[in-house]
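Novice: turn this into a model:
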Amino acid sequence: MIFKVNNQKVYASDAGKGIDLKKETVVLLHGSGLSHVVWSLTEQYLSNQNFNVLSLDLPGHGNSEGKSLTSIEDIADWLETVFKELNLEKLNLVGHSQGCLEILEYSSRYPNRINKLIFVGGSYKMPVNQDLIDLAESGNSDSVKLMMKWGYKDSNKFIGGNPVQRIINSSRDISEILAVDLKACNNYSNGKISAAKISCPTLFIFGELDKMVNLEKGKKFSNEVKNSITHIIAECGHMIMIEKAFEMREKILEFLKK
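Specialist: Numbers count the residues shown, from 1 in each chain. From the prediction side, this is the model:
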């Protein structure tokens, strides 16, 4: 699906079904430097369960036009513009990594829009290693290699088939998209306050072996949210929707149908 926001093209993968306003809507938000592609296995699955499913490309990412937005706050406001454009209400938001910060800030600003929240591999504060930021700003492909090393339980398992390599595949992608995203994560400081405001049903999914958001840090986040549910996926790193897509999406569906 392609539509326009602020005179710029926005792409949302919708499993080829468009939007039926009589159905509940699930919005999937990708992590730093990535695109809708990482949600492929989840998008079709949830669509087949009678949900509207939109896997959004943020500005400058994937098939969406424009420059990358420089703060989590700006992304939250952009999301509101998108949802108004599409006449969407009572949303189920799913975020991975940076996407967790985005739905956290969005829920703080627009709580009446939210039905349920699902945080996958995230925390309310996500500082980024300065060496990684510096490499990304210079367009150095080593930044992507470091992300792969830290992102997967077994980084060798994805050589040749890793979608991260296919999505972030040029120095421009690294310096103008990935670096901007990493800095947005690093600079976000409103998370703990926003987490305390959450009152809707909330699911947290963590990878047992996540090196980017370790399990204890993740639990600290989930403990801030009243009446939330936490599911820990064994033998899994940070890229949960790729490493353990089947288990993750089943838990998401179970939660959405409650």
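Novice: and residue 226, how many neighbours?
Specialist: By other CB atoms under 10 Å, the residues close to residue 226 number 10. Glycine gets a C-beta too; all of them are placed from N, C-alpha and C.
Novice: I'd say it and residue 198 touch.
Specialist: Yes - look at residue 226 against residue 198 with CB atoms under 8 Å: they come within range, at 7.4 Å.
Novice: dump whichever helix or strand residue 134 is part of to PDB, restricted to CA.
Specialist: Assigning secondary structure by DSSP states H and E places residue 134 in helix 130-137. C-alpha atoms of helix 130-137 as PDB (Å, rounded to 0.1, in the frame of the first residue of the first chain):
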ATOM      1  CA  GLN A 130      29.400   5.400  20.500                       C
ATOM      2  CA  ASP A 131      31.800   3.400  18.400                       C
ATOM      3  CA  LEU A 132      28.800   2.000  16.500                       C
ATOM      4  CA  ILE A 133      27.300   5.400  16.000                       C
ATOM      5  CA  ASP A 134      30.700   6.800  14.700                       C
ATOM      6  CA  LEU A 135      31.100   3.900  12.200                       C
ATOM      7  CA  ALA A 136      27.500   4.400  10.900                       C
ATOM      8  CA  GLU A 137      27.900   8.100  10.500                       C
END
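Novice: so residue 28 sits in a helix?
Specialist: No - checked against DSSP: H, G, I helix; E, B strand; the rest coil, residue 28 lies outside a helix; its state is strand.
Novice: and it, how many neighbours?
Specialist: Close neighbours of residue 28, defined as other CB under 10 Å, add up to 27.
Novice: repeat for residue 127
Specialist: By the criterion of other CB under 10 Å, residue 127 has 10 neighbours.
Novice: need the contact list for it.
Specialist: Neighbour list for residue 127: 185, 186 [criterion: CB atoms under 8 Å, 6 or more residues apart in numbering].
Novice: next, it: phi, psi?
Specialist: For residue 127, the backbone dihedrals (degrees, to the nearest 10) come out as phi -60, psi 150.
Novice: any idea how far it lies from residue 237?
Specialist: 18 Å (CB to CB, to the nearest Å).
Novice: swap in residue 63?
Specialist: In terms of CB to CB, residue 63 sits 27 Å off from residue 237.
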